[in-house]
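K.L.:
got a sequence here, can you model it:
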Amino acid sequence: DKLLLATGSHPYIPPIDGVQMNGVSVLRTIADADAIMAAAKTGVPCVCIGGGVLGIETAGALARLGADVTLLESHDWLMPRQLNRKAAARLEQHMAEIGVKVLKNARTVAVAGDNQVAGVRLQDGRLVPAGLVILATGVRPNTALARKAGIEVDTGIVVDNHLRTSAPDVYAAGDVAEHNGQLYGAWAASQFQGKIAALNAVGIETAFGGLPRTSVLKLLGIDIASIGKFTADDGSYIIAEDETEDSYACLVFHDSRLAGAVLIGHADKAAAVKAAVEQGANFSRQLNSNVNCRKILAELAVGTPPAS
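P.N.:
Alright, predicted model coming up:
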């Protein structure tokens, strides 16, 4: 009587010359991981294309195996969807310390070689040597079933606030679901959407109002949290930062409310900051005086409520 489409996603293969040759791989399954580890012999030059979470984790793992690793990021800094420039710089420094070379503004135009990969050609003409290339260039929703069924599809399967598709009694959740033009592509969001879709499917009307983009993870041994909006669109935003040798915090406020944050080395505070963002907590009391990022974090950590 009811159907939930949770068909997930697949690795995105960019349309560049040479991606089908031997030595080029994605990382999605255990079989992919086994093949990559077998190929990553000590001293083999490895190139990871993509400076997101998967590319960074893969590059770090390859470096631990003894490979000569280069990570290519097409943006000005690493993890541009999760980190601001300062936080990314600290992550890049850590990667250099564990043996990963990072090339930014590195746009791949082709994989070079004759059947077997020999390198990666960049838009500026450079050739980065490689005996193994890992594509960590994102995912795309598995929408084929929905398309064939005549269900509305944009990038993902289009759903309303109850995660209903355009077809009666058919719902979608997870990587495949597109809500208000947004694809989350995150495990926590997929879990939450699954619960909302299930409630609606059994007749308990429950709305999905969207979620702040949140990533709370340990990346290469570093505690990183990216919550909600981590940059300012204009002068109406207030930015509060705190930096030590071992940590970095950036809090972003708008209309006296915490709109988002980037935290490095603050694992004990991430949950409280995430809750404050999701609840739209008002910080007008803290913002009326000199804005002290460290003090605000300390208050959140001990449960001090913000101004009402």
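K.L.:
in the sheet, who's paired with the closest residue to Arg294 other than its chain neighbours?
P.N.:
Distances taken as C-beta to C-beta, 6 or more residues apart in numbering put Asp242 closest to Arg294, at 4.5 Å, once the chain neighbours are dropped. (C-beta placed from N, C-alpha, C; glycine too.) Under the criterion DSSP bridges, Asp242 forms beta bridges with Ala249.
K.L.:
surely Asp242 and Cys293 touch.
P.N.:
Yes. Checked against C-beta atoms under 8 Å, the pair Asp242 and Cys293 is within contact range at 4.0 Å.
K.L.:
between the two, which contacts overlap?
P.N.:
By C-beta atoms under 8 Å, 6 or more residues apart in numbering, Asp242 and Cys293 have these common neighbours: Ala249.
K.L.:
picking up where we left off before, and for the residue nearest to Arg294, the neighbour number?
P.N.:
17 (other C-beta atoms under 10 Å).
K.L.:
skip the chain neighbours and tell me the closest residue to Thr7.
P.N.:
With sequence-adjacent residues excluded and distances taken as C-beta to C-beta, 6+ apart, Thr7 is closest to Asn142, at 4.1 Å.
K.L.:
what is the neighbour count of the one you found?
P.N.:
Asn142: 18 surrounding residues under other C-beta under 10 Å.
K.L.:
could I get the contacting residues of it?
P.N.:
Asn142 neighbours (C-beta under 8 Å, 6+ apart): 7-10, 175-176.
K.L.:
again, but for Trp187
P.N.:
Contacts of Trp187 (C-beta under 8 Å, 6+ apart): none.
K.L.:
what does Gly156 give?
P.N.:
Gly156 makes contact with 141, 143, 172, 175-178, 183, according to C-beta under 8 Å, 6+ apart.
K.L.:
okay if I get these as a markdown table plus secondary structure, pLDDT and distance to Met95?
P.N.:
What follows is those, written out as a markdown table (DSSP: H, G, I helix; E, B strand; the rest coil; pLDDT from 0 to 100; distance: C-beta to C-beta, whole Å):
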| residue | secondary structure | pLDDT | distance to Met95 |
| --- | --- | --- | --- |
| Pro141 | strand | 97 | 30 |
| Thr143 | coil | 98 | 34 |
| Ala172 | strand | 98 | 37 |
| Asp175 | helix | 96 | 27 |
| Val176 | helix | 98 | 32 |
| Ala177 | strand | 98 | 33 |
| Glu178 | strand | 98 | 33 |
| Leu183 | coil | 95 | 27 |
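K.L.:
in the helix or strand bottoming out on mean pLDDT in the chain, what's buried?
P.N.:
When the helices and strands of the chain are scored by mean pLDDT, DSSP states H and E, helix 284-288 comes last with a mean of 85. Across helix 284-288, burial judged by 16 or more other C-beta atoms under 10 Å covers 286-287.
K.L.:
please enumerate the strands of the stretch 101-250 of the chain.
P.N.:
For the stretch 101-250 of the chain, the strands defined by DSSP state E, counting those that start in this stretch occupy 108-114, 116-122, 127-129, 132-135, 139-141, 157-159, 170-172, 177-179, 214-219, 222-228, 237-243, 248-254.
K.L.:
want to throw the ones you listed into CSV with distance to Val26?
P.N.:
Formatted as CSV, the strands of the stretch 101-250 of the chain follow (distance: least, C-beta to C-beta, whole Å):
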stretch, distance to Val26
strand 108-114, 13
strand 116-122, 14
strand 127-129, 18
strand 132-135, 5
strand 139-141, 10
strand 157-159, 23
strand 170-172, 24
strand 177-179, 22
strand 214-219, 20
strand 222-228, 23
strand 237-243, 36
strand 248-254, 31
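K.L.:
out of those strands, flag the one nearest Glu97.
P.N.:
Nearest to Glu97 among the strands of the stretch 101-250 of the chain is strand 222-228; the distance by C-beta to C-beta comes to 11.0 Å.
K.L.:
quick one: strands adjacent to that closest one?
P.N.:
Sheet pairing of strand 222-228 (DSSP bridges) gives strand 214-219 (antiparallel), strand 257-264 (antiparallel).
K.L.:
and the contacts of it?
P.N.:
So strand 222-228 is contacted by 79, 82-83, 87, 91, 94, 212-218, 252, 258-267, 270, 273-274, 277 (C-beta under 8 Å, 6+ apart).
K.L.:
burial count for Lys148?
P.N.:
Look at Lys148: counted by other C-beta under 10 Å, it has 8 neighbours.
K.L.:
identify the residues contacting the closest residue to Arg140 other than its chain neighbours.
P.N.:
Taking C-beta to C-beta, 6+ apart as the measure, Arg140 lies nearest to Tyr12, with 5.0 Å between them; neighbours along the chain are not counted. Each residue near Tyr12 by C-beta under 8 Å, 6+ apart is listed here: 135, 137-140.
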